[in-house]
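Q: Predicted model and sequence below, questions to follow.
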Amino acid sequence: MEISATDLAKMVNGKVEGDGSVMLSSFAKIEEASPGSLTFLSNPKYTHFLYTTQASAVLVKDSLKLDREVSTVLIRVADPYSTIADLLRIVESSKPRPSGIENPSFIAEGVDIPEGVYIGAFAYVGRGVKLGRGVLIYPNAYVGDGVEIGEDTVVRAGVRIYEQCRIGSRCVIHSGAVIGADGFGFAPTAHGFEKIPQTGNVEIGDDVEMGANTTVDRATFGSTKIGSGTKLDNLIQVAHNVEIGKNNVFASQCGIAGSTKIGDWNMMGGQVGIAGHLNIGSFNEFGAQSGVHRNVGDHERLVGYPAVPVRDFARNAVYINRLGELFGKEGKKSK
């Protein structure tokens, strides 16, 4: 599909600077773009690419000031990042959706298949499963007995959803994710560690995205919960009876230990570890590789191991860099 810069600017309420008749047919990164492509600039670190990019048009912030002339067409908008995201969603939604039931696949007797549902080859859909309209279940996925999946949710190839788990509408579960495996519960005895049966389930809200090979364990009793709008990256572990609120964003390799409760709108960098049985509030930010061993309130910014406020972490880093100097002085005094 091709569109002129002028027509695209009308779609996004933008203002064109340059030749509005130039045609756009693809998206690209600003440093790798070629003629015919559209790119964007939102991070100031990439500003220098604006003067060398081969893209035919660049979405930029309406307040951007140029140091010199550019050879590309500029489309000024309020927020380039959200604008490019909106355009990508439009393109993605225009792609054809798979439909129908492929063979061989297994669908238990009595399972209703609503309008628009797709079930790929070698998928397994167990007894008592309830599917909403437009659910897509890709090949080799496993949907256990009694699972409920809401409308327009996408279950990618190789996903495993254990029995009795509930998934909301418009979720995306990426390949290799496991929802509802047994929690890590063992009781020490004189003869070793005996398994504690995990009798609960997992409940996932609406508009949740779960990355590849992420795991959410079922509860011992009750439910492990992921709130609506939360986004989990690849390779995340959520242990049994954890409760995560709405609109959280967790980067790859985070681990949340059992029975911890997390509020809304928290952000975690990669490899953040949260100990068990804690209460984490809302609107917090955790830097990559932070280790959290205490309850956290609201609106905190923590980093390091153990996790401390960002200002304290920066101060400690200065002290650590001066340890040699400080010990040198102490050594001279002792002599």
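A: Structure received.
Q: how deep is Val143 tucked in, by neighbour count?
A: The local packing of Val143 (other C-beta atoms under 10 Å) involves 30 other residues. For every residue, glycine as well, the C-beta is placed using N, CA and C.
Q: quick check: mean pLDDT across stretch 99-108?
A: Stretch 99-108 shows an average pLDDT of 96 in the prediction.
Q: The longest helix anywhere in the chain: what's the following helix or strand?
A: For the chain, the longest helix by residue count, based on DSSP state H, is helix 80-93. Using DSSP states H and E, the helix or strand that directly follows helix 80-93 along the chain is strand 100-101.
Q: how far out from the middle of the chain is that following strand?
A: 29 Å (C-alpha atoms, centre = their mean, to the nearest Å).
Q: Direction included, what does it pair against?
A: strand 118-119 (parallel) (DSSP bridges).
Q: immediately after the strand it pairs with, which helix or strand?
A: On the C-terminal side of strand 118-119, the closest following helix or strand by DSSP H and E is strand 124-125.
Q: what helices or strands is the helix or strand following that next one leaning on?
A: Where DSSP H and E defines the elements, the next helix or strand beyond strand 124-125 is strand 130-131. Contact partners of strand 130-131 among helices and strands, from 3 or more C-beta pairs under 8 Å, 6 or more residues apart in numbering; DSSP states H and E: strand 148-149.
Q: Quick one: residues in contact with the strand it packs on.
A: Val129, Lys130, Leu131, Gly132, Val135, Val143, Val155, Ile161, Cys165, Arg166, Ile167 (C-beta atoms under 8 Å, 6 or more residues apart in numbering).
Q: My guess is the first one contacts Val143. True?
A: Yes - counting by C-beta atoms under 8 Å, Val129 sits close enough to Val143 to count as a contact (5.5 Å).
Q: Show residues contacting stretch 112-128.
A: Contacts for stretch 112-128 (C-beta under 8 Å, 6+ apart): 97-111, 130-147, 157, 163.
Q: picking up where we left off before, give the buried subset of the contacts of strand 148-149 as a ChimeraX selection command.
A: Only the buried entries of the contacts of strand 148-149 go into this ChimeraX selection, using 16 or more other C-beta atoms under 10 Å:
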select :129,131,132,135,143,155,161,165,166,167
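Q: Now render the contacts of strand 148-149 as TSV, adding distance to Ser37 and pLDDT.
A: TSV is the format used below for the contacts of strand 148-149 (distance: C-beta to C-beta, whole Å; pLDDT from 0 to 100):
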residue	distance to Ser37	pLDDT
Val129	43	98
Lys130	43	98
Leu131	39	98
Gly132	37	98
Val135	34	98
Val143	39	98
Val155	32	98
Ile161	38	98
Cys165	42	98
Arg166	42	98
Ile167	36	98
